[in-house]
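In: next come a sequence and a model predicted from it.
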Amino acid sequence: MKQKQLVAQAIVDATEGQLSLDEVMSKIEVPKTYDLGDYAFPTFILAKLYHKAPQQIAPELVEKISGDAFDKVQAVGPYVNFFIDKKAFSHNILNQILDQKEAFGQQDLGHGGNVPIDMSSPNIAKPMSMGHLRSTVIGNSLAELLKKANYNPIKINHLGDWGTQFGKLIEAYKLWGSEEEVRQDPINTLLKYYVHFHQVDEEHPELDDEARAWFKKLEDGDKEATELWQWFRDESLKFFKSIYAKLGIEFDSYNGESFYNDKMDEIVSILEDKNLLQESRGAEIVDLEKYGLNPALIKKTDGTTLYITRDLAAALYRFRTYDFVKSLYVVGNEQTNHFKQLKAVLKEMGYDWSDDIHHIQFGLITSGGKKLSTRKGNIILLEDVLNDAVDLAKKQIAEKNPDLPNKDQVAEEVGVGAVIFHDLKNDRLNNFDFNLEEVVRFEGETGPYVQYSHARAMSILRKAGQIDLENADIAGLQDEGSWEVVRQLANFPAMIKRAVEEYEPSVITKYAIQLSKSFNKYYAHTKVLTDDAEKNSRLAMVASVAAVLKESLRLLGVKAPDEM
């Protein structure tokens, strides 16, 4: 940013103050290729002022700019291109990273404001499938990024522990269930009952009526229904926590849908008091025609509530509890209309803080191009994928480095990290097809490749021996090979800012891949450990790469082994 300001000030001076510093700063670009310089100023903005073509203005500005602060300033068509002092710049960046270490890139965008993040949210009595991975790892990475930008994220696992599906599950258990069978293998057994219910239901739709009756009993506090529900919930939570432990993810709250049962009456009362509730075919709705949306169904004809009723209660509870500056819902694209309705109803209720609610959408994970579905039994279990990924990592480590210490732990970090990284590598709005063999590769644009790049940097530092880089002479570097790496290191804070503002972890995964590529290219052509005047500067760059790659991986929820 200081270098950009230096460029902007040079333009302000050359135009004799006819443009403000802020105006120039907003126009400065970063050229796509290094041969066009480090920064470029387009002169189109000056055409009317100078009554000349931009191609004429650019060389005239170059004549007025002092070259002392830059390696070179040149006109290329309508652009003024700046090549900054490589040695001074790299000296500043490397010293900054060595001084700040993992704090490099930290910034105060959030001023400590609270940001509840509704994420993961698996359904009770069903195993966690690959379909749950996206919300879980996107939400976790956003929490780390927000923390880095001085927000206070609150990770909420809004468990799917209420709704008509529990009526279906209770009915299935009553018809075909066995307590002994459930106790032996709770999740898989309950899933089997749930899938069987839907298979039988196609021939016997009257089962739906029985299921709805059981859910009504549950809402009314029936003893048997409540005990079965609580049992299913407890067993499910034990299982979920074992998966989260494997992913290295913790939550601040497990308040699921059931938590808001006693809070929905207030929502209905507020809607009634504000004359927002209307009757429609025996159900109660809020008309959202002025928002271009279908009516929001608040209560069904039988009096049972819906997702939106509980989400309204949850939104109000979170605002009162956390006084949030933003409230994020990391939920798939298919729920877009639901969240539009949620925000519209809150707006109608007079809650302007609904503008601070953001639906963080994401695309589907498919398998062989097909959507995963628990109801149809077409699922890929997340636990199986993580275990298989670790096994694949073990095989590759055995081939490449059989004497590696702690190879089981490294395989765990590489295998699990590969699955997380692969998910976050994709722009979150995009769908992607999952192929485990492609995910756990040490080559290509993968998590293991970035982890290996970090491990390679750590290996170089170990070979260098005991060098106190913080007190060593870091003169800076000016060769073209190191310049690509240094520029990318300097860009890390900007990448964090962009990832936070766009709610997009893939910004960091792509950045980590590019930094790894540049570093490996540099290492392939440079003898880092050669004893000469620039050795300390080269080692400082290697240490900076290691620090920034490790921090990038941490922000994604991925470990960075020192050896692989």
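Out: Everything's here; your move.

In: and residue 82, helix, strand or coil?
Out: strand (DSSP: H, G, I helix; E, B strand; the rest coil).

In: surely it touches residue 31?
Out: No: in this structure, residue 82 is not within contact of residue 31 by Cβ atoms under 8 Å, at 9.6 Å. (C-beta placed from N, C-alpha, C; glycine too.)

In: report all helices and strands that whichever strand or helix holds residue 140 contacts.
Out: If you go by DSSP states H and E, residue 140 is part of helix 133-148. Applying 3 or more Cβ pairs under 8 Å, 6 or more residues apart in numbering; DSSP states H and E, we find helix 133-148 packed against strand 114-118, strand 152-156, helix 223-247, strand 327-330, strand 357-360, helix 407-425, helix 492-502, helix 535-556.

In: using PDB, write down the CA coordinates of that helix.
Out: Listed next in PDB are the C-alpha coordinates belonging to helix 133-148 (Å, rounded to 0.1, in the frame of the first residue of the first chain):
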ATOM      1  CA  LEU A 133     -18.700 -30.700   3.900                       C
ATOM      2  CA  ARG A 134     -19.100 -27.400   2.100                       C
ATOM      3  CA  SER A 135     -21.100 -25.500   4.700                       C
ATOM      4  CA  THR A 136     -18.800 -26.800   7.400                       C
ATOM      5  CA  VAL A 137     -15.400 -25.900   5.900                       C
ATOM      6  CA  ILE A 138     -16.500 -22.700   4.200                       C
ATOM      7  CA  GLY A 139     -18.000 -21.500   7.500                       C
ATOM      8  CA  ASN A 140     -14.900 -22.400   9.400                       C
ATOM      9  CA  SER A 141     -12.600 -20.700   7.000                       C
ATOM     10  CA  LEU A 142     -14.700 -17.600   7.000                       C
ATOM     11  CA  ALA A 143     -14.600 -17.500  10.800                       C
ATOM     12  CA  GLU A 144     -10.700 -17.600  10.600                       C
ATOM     13  CA  LEU A 145     -10.600 -14.900   8.000                       C
ATOM     14  CA  LEU A 146     -13.000 -12.700   9.900                       C
ATOM     15  CA  LYS A 147     -10.900 -13.100  13.000                       C
ATOM     16  CA  LYS A 148      -7.800 -12.100  11.000                       C
END
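
In: ok, residue 110 to residue 250 distance?
Out: Distance from residue 110 to residue 250, counting by Cβ to Cβ, to the nearest Å: 20 Å.

In: neighbour count: the two, which is higher?
Out: residue 110 (19 against 12; other Cβ atoms under 10 Å).

In: wait, what's in contact with that one?
Out: Applying Cβ atoms under 8 Å, 6 or more residues apart in numbering to residue 110 gives the contacts 146, 149-152, 325.

In: secondary structure class for it?
Out: Per three-state DSSP, residue 110 ends up coil.

In: phi first, then psi, for it.
Out: With angles defined as degrees, to the nearest 10, residue 110 sits at phi -100, psi -10.

In: residue boundaries of the strands in this structure?
Out: 39-42, 70-76, 79-84, 114-118, 152-156, 277-280, 283-286, 296-299, 327-330, 357-360, 365-367, 370-371, 432-433 (DSSP state E).

In: quick one: contacts of the fifth one?
Out: By Cβ under 8 Å, 6+ apart, the list of residues contacting strand 152-156 from outside reads 110, 112-119, 139-140, 142-144, 146-147, 249-253, 255, 318, 322.

In: just the buried ones from those, in ChimeraX syntax?
Out: Burial among the contacts of strand 152-156 is assessed by 16 or more other Cβ atoms under 10 Å; the matching ChimeraX selection reads:
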select :110,113,114,115,116,117,118,119,139,140,142,143,144,146,147,249,251,253,255,318,322
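
In: what is the burial count for residue 282?
Out: 10.

In: got the helices and strands packed on helix 133-148 as CSV, with distance to residue 91 and mean pLDDT columns?
Out: Conversion of these to CSV gives the following (distance: least, Cβ to Cβ, whole Å; pLDDT from 0 to 100):
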stretch, distance to residue 91, mean pLDDT
strand 114-118, 37, 98
strand 152-156, 35, 98
helix 223-247, 40, 95
strand 327-330, 39, 98
strand 357-360, 39, 98
helix 407-425, 32, 96
helix 492-502, 17, 96
helix 535-556, 8, 97
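
In: right, so of the ones you listed, which gets closest to residue 478?
Out: Residue 478 lies closest to helix 535-556 among those, at 9.4 Å (Cβ to Cβ).

In: and the closest one with helix 133-148, angle?
Out: If you take axes from the mean of the first three to the mean of the last three Cα atoms, to 10 degrees, helix 535-556 sits at 130 degrees to helix 133-148.
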